[in-house]
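S.K.: Next come a sequence and a model predicted from it.
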Amino acid sequence: MEKIRTRFAPSPTGYLHIGGLRTALFSYLWAKKNKGEFIIRIEDTDRERYIANADQELIDTLAKVGIVSDVEVKHQSDRLSLYQKASDKLINNNQAYKCFCSPERLDKVREEQQKNKQVPKYDRHCLNLSKEEIDKNIQAGQKFVVRFKIPDDEIIVGQDAVYGKISIKGQDLDDFVILKSNKFPTYHLANVVDDHDMRISHVIRGEEWMPSFPKHILIYKALKYNLPTFVHLPLLLNPDKSKLSKRQGDVAVEDYLKKGYLIESLINYVALLGWNPGNDQEFFMINELIKEFSLEKINKAGAVFDITKLNWFNAEYIRKIIEQNDKRFEQLISNTEKFLGKNAHKAKKVLRLFGSRIDNLADLGEDSKFLFDLPEYDKEMLIFKKSDFEKTKEGINLALGILGKIHHSEWDQDTINNSIKDIIAKRNLSPGDIFWPLRVACSGLERSPSPGELLEFLGKEEALSRVKKAIKKLS
């Protein structure tokens, strides 16, 4: 049995898209499940769209989420001789030809075809040029591309692991370019040659490449290569079912990492975009994904990228990590520090206070500001809606007295809450008469963690200082 080898082949034209992460992840999972090899290959032959250093950033981002190539990363720009050799072979076998048509001529032909309501395609003007004409054009310095010659009257049939059998008439295809005038290959030629050369057993890629599938089948056959298994993944969609794009929110993996989304939750959520484990399990660590993943459970329907669902996953992971309090919690603290600036030393306490209330770590910077710098607030905010001025004033003054008697060594929310509950019962007050003004006094906000949690976090000295400020507002 042949060794399973998969690849992820991004173009260095920008950031790693969420869709790219899913393709890389599915390729990685399938290779690892079958004890095979996963390869990263940089498809950098489109020099007009090439962005300097984007290749390394793609590799680095993948490494951050745990997806690493099992072999040295290859760049297509270093392999031009391979594509030239394949192109020459196709020309010699009369399966490709040199085309000298200028962009202006091609535009004119396309305009005429559209005017006549014909499908725009190359008119094969250069198909039957003689060797003498070709040599003459080259000697005159004319630039040319190499076009693949679509076989006449052939029905191209292919098999996809997700979408099943596909068939298309050759007459519906264009004589597409395989080698550009700068001697760089197009995607069509380069990826076929590379997948063969790298012994790729499964080509896992997005559904947007389905229209190219018949062209690639033709190149495989013309070069007498064995076809790999093709796996086209369903499109990623926005909630309104349009194609996932930056117009409707972040689509770059790096953006989510910068915002404090956890790698585990991002990988978990992305794995479920277009793949269903076939049971009710929602939470998967990477080793569980490797065990459970299968091509048969990839869906045909487009997968909706829902930020609300990702937020839910991330919040659940944060809560679980805090509860388990293992080495991952130490990593979580380290990740949190960069969002707290000068208050980074309080990261552990801030996480414990807000861990069950946040969607991502970046929220902590804004949500915890009041802990270190009490905001201004109106005295009316201190009065609970079911209480009144006199009861609030009485309640918070009683609280100050009780809190003052608690020793620093016993300053925790259980002791604080029990002490205040005792005075509520003795004075026949309601919780809103004391707990509400304490919450506002400690936070300056209407919505915040509980007063016991806040008092414990602030420590006795700062807490009493804030309570006294509240009493002053009411006097």
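M.R.: Looks like it came in fine.

S.K.: C-alpha only now, for contacts and for neighbours.
M.R.: Will do.

S.K.: pLDDT weak spots in the protein?
M.R.: 1, 246-249 (pLDDT under 70).

S.K.: Mind splitting it into its structural domains?
M.R.: Per automatic domain parsing, the structural domains of the chain span 5-77+236-304, 79-233, 315-363, 379-474.

S.K.: Give me the neighbour count for Gly278.
M.R.: Neighbour count of Gly278, defined by other Cα atoms under 10 Å: 8.

S.K.: distance of it from Ile286?
M.R.: 17 Å (Cα to Cα, to the nearest Å).

S.K.: Ser475 now?
M.R.: As for Ser475, its distance to Ile286 is 59 Å (criterion: Cα to Cα).

S.K.: Tell me which of those two has more neighbours.
M.R.: Ile286 (16 against 7).

S.K.: so how far is Ala425 from that one?
M.R.: The value you get for Ile286 to Ala425, if Cα to Cα is used, is 52 Å.

S.K.: One more: Ile406?
M.R.: Taking Cα to Cα, one finds Ile406 at 18 Å from Ala425.

S.K.: Look at the two and report which has more neighbours.
M.R.: Legend: neighbour count by other Cα under 10 Å for Ile406 and Ala425, higher for Ile406 (15 against 11).

S.K.: so who does that one touch?
M.R.: For Ile406, the contacting residues are Ile416, by Cα atoms under 8 Å, 6 or more residues apart in numbering.

S.K.: Likewise for the one 4 residues further on?
M.R.: The contact partners of Glu410, by Cα under 8 Å, 6+ apart, come to none.

S.K.: Also Leu189?
M.R.: By Cα under 8 Å, 6+ apart, the neighbours of Leu189 are Tyr83, Ile178, Leu179, His216, Ile219.

S.K.: of these, closest to Asp70?
M.R.: Lowest distance from Asp70 to the contacts of Leu189 (Cα to Cα) belongs to Tyr83, with 23.8 Å.

S.K.: So that closest one is in contact with His188, correct?
M.R.: No. Contact criterion Cα atoms under 8 Å: Tyr83 and His188 do not qualify, at 10.6 Å.

S.K.: Name the residue in those two with the higher neighbour count.
M.R.: Tyr83 (23 against 17).

S.K.: and the strand or helix carrying the more buried one, what other elements does it pack with?
M.R.: Assignment of secondary structure by DSSP states H and E places Tyr83 within helix 80-92. For helix 80-92, the packing partners by 3 or more Cα pairs under 8 Å, 6 or more residues apart in numbering; DSSP states H and E come out as strand 96-99, strand 177-179, helix 187-197.

S.K.: which residues are in contact with the second one?
M.R.: Strand 177-179 has contacts (Cα under 8 Å, 6+ apart) with Gln84, Ser87, Val145, Val146, Arg147, Phe148, Pro185, Thr186, Tyr187, His188, Leu189.

S.K.: Need the phi and psi values for the third one.
M.R.: Summarising the backbone geometry of Val145 under the convention degrees, to the nearest 10, its torsions are phi -110, psi 170.

S.K.: Can you give me every residue that contacts it?
M.R.: Val145 sits in contact with Lys98, Cys99, Phe100, Val177, Ile178, Leu179, Lys180, Ser181, where contact means Cα under 8 Å, 6+ apart.

S.K.: Next, report how far the helix holding Tyr83 is displaced from the centre of its chain.
M.R.: Mean-position distance between helix 80-92 and its chain equals 37 Å (Cα atoms, centre = their mean, to the nearest Å).

S.K.: If we go by neighbour counts, what in stretch 39-49 is buried?
M.R.: By neighbour count on 16 or more other Cα atoms under 10 Å, the buried set for stretch 39-49 is Ile39, Ile40, Arg41, Ile42, Glu43, Asp44, Thr45, Asp46.

S.K.: With respect to Val203, which of these is nearest?
M.R.: Ile39 (11.3 Å).

S.K.: Contacts only, for the closest one.
M.R.: Contact partners of Ile39, counting by Cα under 8 Å, 6+ apart, are Arg5, Thr6, Arg7, Phe8, Val68, Ser69, Asp70, Val71, Glu72, Val73.

S.K.: Include distance to Glu254 and neighbour count when you put these into a markdown table, please.
M.R.: Shown next, in a markdown table, are the contacts of Ile39 (distance: Cα to Cα, whole Å; neighbours: other Cα atoms under 10 Å):
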| residue | distance to Glu254 | neighbour count |
| --- | --- | --- |
| Arg5 | 27 | 25 |
| Thr6 | 24 | 28 |
| Arg7 | 21 | 26 |
| Phe8 | 18 | 23 |
| Val68 | 16 | 19 |
| Ser69 | 19 | 18 |
| Asp70 | 22 | 14 |
| Val71 | 24 | 11 |
| Glu72 | 23 | 10 |
| Val73 | 20 | 13 |
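
S.K.: Enumerate the positions of stretch 121-133 that are buried.
M.R.: Buried positions in stretch 121-133, judged by neighbour count with 16+ other Cα under 10 Å: Lys121, Tyr122, Cys126, Leu127.

S.K.: can you list those residues in a markdown table and add distance to Thr336?
M.R.: Formatted as a markdown table, those follow (distance: Cα to Cα, whole Å):
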| residue | distance to Thr336 |
| --- | --- |
| Lys121 | 55 |
| Tyr122 | 57 |
| Cys126 | 63 |
| Leu127 | 63 |
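
S.K.: Which member of the residues you listed is positioned nearest Lys136?
M.R.: Ranked by distance to Lys136 (Cα to Cα), the buried residues of stretch 121-133 are led by Cys126 at 13.4 Å.

S.K.: So Phe434, which state does it fall into?
M.R.: No, residue 434 isn't Phe; it's Ile. helix (DSSP: H, G, I helix; E, B strand; the rest coil).

S.K.: neighbours of the residue nearest to it when sequence neighbours are not counted, just the number please.
M.R.: Nearest residue to Ile434, sequence neighbours excluded (Cα to Cα, 6 or more residues apart in numbering): Gly395, at 4.7 Å. For Gly395, the neighbour count with other Cα under 10 Å is 25.

S.K.: residue ranges of the strands in the protein, please?
M.R.: 5-8, 37-42, 74-75, 96-99, 145-148, 155-160, 164-169, 177-179, 202-206, 229-233, 236-237, 303-304 (DSSP state E).

S.K.: from those, which stretch is densest packed?
M.R.: Most buried of the strands of the chain, by mean neighbour count (mean count of other Cα atoms under 10 Å): strand 5-8, with a mean of 26.
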